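Engineer: One predicted model, sequence on top.
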Amino acid sequence: MVDEVAVATGELIASTQVRLVLALGGGNIRAIKVKEGDRIVKGQVLMAG
């Protein structure tokens, strides 16, 4: 049972450095489907190869 609920606005800041992403098998990345600041959800396509 939950006795208290709090709602707040905020910002997610990565705790690690940006990581390099490469296409599998040396292919090309045709499109990047997101931009900096976008909100994403689990399973969302981020890029197309």
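Structural biologist: Yes, it's here.
Engineer: For the most centrally placed residue in the chain, give me its contacts.
Structural biologist: For the chain, the residue nearest the mean C-alpha position is I40 (5.3 Å; C-alpha atoms, centre = their mean). Contacts here follow C-beta atoms under 8 Å, 6 or more residues apart in numbering; on that basis I40 touches V34, L46. Every residue, glycine included, has its C-beta placed from N, CA and C.
Engineer: Can you read off the pLDDT for it?
Structural biologist: Listed pLDDT for I40 reads 83.
Engineer: for this structure, what spans make up the strands?
Structural biologist: All strands of the chain, identified by DSSP state E, fall at 31-32, 47-48.
Engineer: what's the most buried one of those?
Structural biologist: strand 47-48 (a mean of 12; mean count of other C-beta atoms under 10 Å).
Engineer: Least confident of the strands of the chain, on average?
Structural biologist: strand 47-48 - the lowest mean pLDDT of the strands of the chain, at a mean of 82.
Engineer: Packing partners of it?
Structural biologist: In terms of contacts (3 or more C-beta pairs under 8 Å, 6 or more residues apart in numbering; DSSP states H and E), strand 47-48 is packed against strand 31-32.
Engineer: Quick one: residues in contact with the least confident helix or strand in the chain by mean pLDDT.
Structural biologist: Least confident helix or strand of the chain, by mean pLDDT, DSSP states H and E, is strand 47-48 with a mean of 82. Contacts to strand 47-48, defined as C-beta under 8 Å, 6+ apart, come from residues V21, I29, R30, A31, I32, K33, V34.
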